Structure formats: structure tokens, C-alpha cells
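A.B. asks: Sequence and predicted structure are below.
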There are 2 protein chains.
Amino acid sequence: MITSTEEDYIKAIFNISQSGKRELVGTNQIAEQMSTTAASVTDMLRKLSNKEMILYEKYKGVKLSPSGTAKAMSLLRKHRLWESFLVEKLGFAWDEVHDIAEQLEHIQSLELVDRLDKYLGYPKFDPHGDPIPDPHGTITIRNQIVLSTMEDESVGIVVGVKKHDKDFLHHLNQVGINIGTEIKLIHKYSYDQSIKLLVNNKEEALLTSKVCENIFLKKIK
Amino acid sequence: MITSTEEDYIKAIFNISQSGKRELVGTNQIAEQMSTTAASVTDMLRKLSNKEMILYEKYKGVKLSPSGTAKAMSLLRKHRLWESFLVEKLGFAWDEVHDIAEQLEHIQSLELVDRLDKYLGYPKFDPHGDPIPDPHGTITIRNQIVLSTMEDESVGIVVGVKKHDKDFLHHLNQVGINIGTEIKLIHKYSYDQSIKLLVNNKEEALLTSKVCENIFLKKIK
DNA sequence: AAATAAATTTAGACAAATCTAAAAATAATT
DNA sequence: AATTATTTTTAGATTTGTCTAAATTTATTT
Ligand SMILES: [Mn+2]
Ligand SMILES: [Mn+2]
Ligand SMILES: [Mn+2]
Ligand SMILES: [Mn+2]
């Protein structure tokens, strides 16, 4: 048996190892991600190591084992399918679904998630543009660039976001940006890397570099 | 905060007080329903009493407080709406959904359950014929009689079942009985109170008295 | 009413997940 | 290389939910 707390730690380890450059994930990194203490993390790492979900050497750091990786993919699949359900079928906004999916991802039944997948028409991406793993844990890779690396006059479609917190997504709502939004880059100010852009050929918007680093686009011009 | 374990105890207390005759529910009854020991139940009763979810006098038994009753209705609402979703939208059979709903009922968001209700078209009854409380905890009462009390030659439509375990429901599947099935009572044998009946004007079936005591009908003839 | 049976509570222990404070190991500076 | 800083682990507690075994209370029989 694996508890839902253990599942959240596995997800945290996976997310950190994806975003970061290092092979091994550190105790403090996990503690920050899970909003807990390093001591608690060490306790949990011992447990996850005993259950062979992670490869763990004291003081060196951890990485997911093959079964830990499979577990992480299963959790991402469930999380993202539930988010898709909440937005597509129940009409939630993309900034309202993360916390609910954080609970729904721990519902056990595999039959349930497969039926949900079918009911949604086997979506490939969730409401934040994140890829949804198939039942075998395979993910569709997408060609994307980060908004902060685009050049003046170039045009793209928003296909994803790096951060998922409510505040960030709500800010994007306010400037009219969502998945599928067309963006034309008017000018990047060299002083602070902030970007002026045209949203859906209508509204102008100014985004700080911090925001632009967290938006993915498919370049179309 | 209230844990999902506490929620399951509240549901158990509600269910026992509904089915039984006594006003107060006993420790052993709860222990049996929850598949745990009397000592564990006593521990939990103290906790639920401190949180004012139950009225508890040592050695006397317990009943739900007003807020405990409200919590129980909220849980029944969630459980039954999720069961309806699983059957109506995802195509599960009525004997497959109970255990999954047992987990889904603990998802916190009230917004979620209200949107689910709307998405399902505000159903009044779940796949087992149990009434679904509205957001205020109000329940639609249905006129129903128990199959074992019907007389020879009378006809009725199955509107509900008292037991919800997989084995019982699967047995009903095998003899062709579901919610909405028309049943004509051919003969009740006085020897053991077993009943021979005609299912949907087609198949004959013989049910033991134990089974007949757990089927509710609306009499139509 | 006394004795016996049943139901319930208490006592004491354990595993899971967490915490603070202290110790140990590793990394970075001087 | 020695010192300082950072990271990580250990030690010792706490809370939640559980258990077994023993004590207590209530109910039932004789
Ligand atoms: Mn989670
Ligand atoms: Mn997402
Ligand atoms: Mn439950
Ligand atoms: Mn039901």
C-alpha cells in the first residue's frame, strides 16, 4: 500500500527533477516544494526507499526508481485528466482546478481513470497545456518555445504555462491570455526584459520578464 | 478541520440510526459497521463529541448533533451524486460504483459537488434508488413498499434496494432485476417466505425471503 | 437480589506523519 | 588547510487512528 502523502512526495521529486538541471534531488528542495521541514523529508525518504520507489543515498540526494517513475506518471495522468474534466465538462476556469485535482489524483481505481480518459475523448494536453500520459506512461512531446526568448515582430500561439498557481493564472486571465491565445511580440525592452505584446490582434499588454519566462508558445510567424 | 475517517464514522452513525429502531446508536454497532474494534470507536466518539458532531453520554450511546446531521447529508449528497456520475456518464454498472464513491465523497470542494449536480441534471435518486439530498440537505421522500410484504398477483416497479454490497447487487443482475424493472408476484411460499415472481413479463425467478426484504417497489397493481 | 453475561470504557502500546532543536556531514571561503 | 556556512540527518515529542487486554458499567438470568 502507498499513502496519498507518499504519492505527493513522489510527484514532488518528479517535478523537481524535471525542472532542475541536476540528476539528484536534494532534501531541502523537496521540503520547500512540499511546504514542510527537511527533517520530515528525511523521514519520508527512508520510507520511500524501503518501498523501493526511490534510489536514496544518505547526504547524496534521491532520484525516482523505475516503479517510482511509473507511479509519478500515473499520478500526472490522473491529475491532468481530472483537470481536463473539471474544465471541459464542469465549466471550471483553468485557475480553479489545481487544488481539486490535487485531491482527485489520489482516487485509487484504474478503471475509473481509463473510463474518464475515454469519456473526455483521449485528450493529449490538460487545461494548462501539460501533456497527459497514456495508460503506459508515454507522453506526447510538443514543439514549444518560451515567450521570453522570442524576438520582436514574431507571432505565436500560447500552448502552455510553467507555473500553475492561482495567482499567476489569474494574472494571465486579466491580460486576456489563455491556452490558444495568439500573441504578437511588439517589443522587448532591453532595460528589464519586459515585453509589450498584442493579444489576439486586439488588446495590448505589458508583461514582466518573470511572467514571460513561464509562458510556452508555438511559433507561427 | 474534519478528517475523512471522522466523516466515515459520521456516515456510519447516520446509516445505523436510519436502519435501526433505537434512537441511540451503540459502540458495538459502529464497530461492526466500520470493521474495527469497540475500543477504537470509543476513542473516535470522544473526538467527534469534542467537535460537537455527536451527542454522547458514556455507556448510553450516541446520536448525531444538528451539525453532525448536516455533515452526514452533505456526505450522502456527494456519495450519491458521484455514483450517479459513474453510472450515467462513465458507464459503470450499479454494483461497481460504491467503493469508488466511498473515496470520492471525501473530496472537499462544495463548488465541485454543486457543478456536478447541475451537470447531471439535478437527479433526485442515485443508481440504487437512494434519494440525493439537495444543497440544503433536503431529501425527496418516495412512496415505496418492501417486496417481501407484497401479496400474490400484485405488480410493482423496482425503485430501490436496502443493501448496496457488490454480491447482493450482482445476484440481482443475474436474475434480471435493476432499478425500473417490473415485477409481478406469482406466489409467496408460506414454508420459508420465498417468492416466485415474473421479471419484466418475461423471465421467472425465485428469490429467498432474505433477498426480498431488501428490495423496494412502487406498487402499480 | 445475587450471579452471570454483554457492552463499553480505560490503560498502554504502536505506526504514520509531522515538528523543533541538536548533531553530523558536506560544501564553500578564507 | 583551517574555518565557516550550508545541507542533511538524528533525537526526542506530538497528533491521529488503531490495536489488545484489563477494568468497569449496564443488562439479563437465575
Ligand atoms: Mn495530491
Ligand atoms: Mn495542469
Ligand atoms: Mn468514505
Ligand atoms: Mn448508492
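C.D. replies: That came through, no problem. Ligands and ions are numbered 1, 2, ... in the order given.
A.B. asks: And the residue lying closest to A:Lys47 once chain neighbours are set aside, what's its pLDDT?
C.D. replies: Nearest-residue entry for A:Lys47: A:Glu6, 6.8 Å, with adjacent residues in sequence omitted and distances by CB to CB, 6 or more residues apart in numbering or on different chains. Placement of C-beta: from N, CA and C, glycine included. pLDDT recorded at A:Glu6 is 96.
A.B. asks: next helix or strand past the helix or strand A:Glu6 falls within?
C.D. replies: Per DSSP states H and E: A:Glu6 is located in helix A:4-19. Next along the chain after helix A:4-19, taking DSSP H and E as the criterion, comes helix A:27-34.
A.B. asks: Show me what that following helix packs onto, helices and strands only.
C.D. replies: On a contact count with 3 or more CB pairs under 8 Å, 6 or more residues apart in numbering or on different chains; DSSP states H and E, helix A:27-34 meets helix A:4-19, helix A:38-50.
A.B. asks: Ok, which of the ones you listed comes nearest B:Tyr191?
C.D. replies: Proximity to B:Tyr191 (CB to CB) singles out helix A:4-19 among the helices and strands packed on helix A:27-34, at 52.4 Å.
A.B. asks: tilt between that closest one and helix A:38-50?
C.D. replies: 100 degrees (axes from the mean of the first three to the mean of the last three CA atoms, to 10 degrees).
A.B. asks: How about helix A:4-19 and ligand 2, touching?
C.D. replies: No. Counting by CB under 5 Å from the ion, ligand 2 has no neighbours in helix A:4-19; the shortest distance is 11.4 Å.
A.B. asks: Name the residues of that helix that are buried.
C.D. replies: A:Glu6, A:Glu7, A:Asp8, A:Tyr9, A:Ile10, A:Lys11, A:Ala12, A:Ile13, A:Phe14, A:Asn15, A:Ile16, A:Ser17 (16 or more other CB atoms under 10 Å in any protein chain shown).
A.B. asks: Enumerate every residue touching the second one.
C.D. replies: Pointing back at A:Glu7 there. A:Lys71, A:Leu75, A:Glu105, A:His106 (CB atoms under 8 Å, 6 or more residues apart in numbering or on different chains).
A.B. asks: Ok, A:Lys218 next?
C.D. replies: Applying CB under 8 Å, 6+ apart, the residues near A:Lys218 are A:Arg142, A:Asn143, A:Gln144, A:Ile145, A:Gly156, A:Ile157, A:Val159.
A.B. asks: Which pair of the residues you listed spans the longest distance?
C.D. replies: A:Arg142 and A:Gly156 (12.6 Å).
A.B. asks: Apart from its neighbours in sequence, what residue is nearest A:Asn103?
C.D. replies: Check again: residue A:103 is Gln, not Asn. Here the residue nearest A:Gln103, using CB to CB, 6+ apart, is B:Ile107, at 5.1 Å.
A.B. asks: Please tell me how far the one you found sits from B:Leu24.
C.D. replies: 31 Å (CB to CB, to the nearest Å).
A.B. asks: So these two - more neighbours on which side?
C.D. replies: B:Ile107 (19 against 16; other CB atoms under 10 Å in any protein chain shown).
A.B. asks: got a pLDDT number for the more buried one?
C.D. replies: At B:Ile107, pLDDT is 96.
A.B. asks: Now do the SS call for the residue nearest to A:Gln103.
C.D. replies: coil (DSSP: H, G, I helix; E, B strand; the rest coil).
A.B. asks: Spit out the contact partners of it.
C.D. replies: Counted by CB under 8 Å, 6+ apart, B:Ile107 has contacts A:Ile100, A:Gln103, A:Leu104, B:Lys78.
A.B. asks: How far does the helix or strand where the second one lies sit from its chain's centre?
C.D. replies: Counting by DSSP H and E, the element that carries A:Gln103 is helix A:98-104. Relative to the chain's own centre, helix A:98-104 is displaced by 13 Å; criterion: CA atoms, centre = their mean, to the nearest Å.
A.B. asks: List the buried residues in it.
C.D. replies: Neighbour-count burial for helix A:98-104 [16+ other CB under 10 Å]: A:His98, A:Ile100, A:Ala101, A:Gln103, A:Leu104.
A.B. asks: same thing with stretch A:119-138?
C.D. replies: A:Tyr119, A:Pro123, A:Phe125, A:Asp126, A:Pro127, A:His128, A:Gly129, A:Asp130, A:Pro131, A:Ile132, A:Pro133.
A.B. asks: ok, now stretch A:195-205?
C.D. replies: Neighbour-count burial for stretch A:195-205 [16+ other CB under 10 Å]: A:Ile195, A:Leu197, A:Val199, A:Ala205.
A.B. asks: Return the member of those nearest to A:Lys89.
C.D. replies: The closest of the buried residues of stretch A:195-205, once distances to A:Lys89 are taken by CB to CB, is A:Val199, at 27.1 Å.
A.B. asks: A:Pro198 bridge partners, please.
C.D. replies: Just to correct that, residue A:198 is Leu rather than Pro. A:Lys184, A:Glu204 (DSSP bridges).
A.B. asks: follow-up on the earlier one: ok, the contacts of B:Ile107 vs A:Leu90, which is closest?
C.D. replies: Nearest to A:Leu90 among the contacts of B:Ile107, with distances taken as CB to CB, is A:Ile100, at 9.6 Å.
A.B. asks: As a quick check, tell me the outermost residue of chain A.
C.D. replies: A:Tyr191 (29.9 Å; CA atoms, centre = their mean).
A.B. asks: number of nearby residues for A:Glu83?
C.D. replies: Neighbours around A:Glu83, by other CB under 10 Å: 27.
A.B. asks: what's the top helix by length along chain A packed up against?
C.D. replies: In chain A, taking DSSP state H as the definition, the longest helix is helix A:66-88. Packing partners of helix A:66-88 (3+ CB pairs under 8 Å, 6+ apart): helix A:4-19, helix A:98-104, helix A:110-119.
A.B. asks: avg pLDDT for that helix?
C.D. replies: 97.
A.B. asks: can you state the direction angle for that helix and helix A:110-119?
C.D. replies: 50 degrees.
A.B. asks: Is helix A:66-88 in proximity to DNA strand C?
C.D. replies: No. Using CB under 7 Å from any atom of the strand, helix A:66-88 stays clear of DNA strand C, coming no nearer than 14.1 Å.
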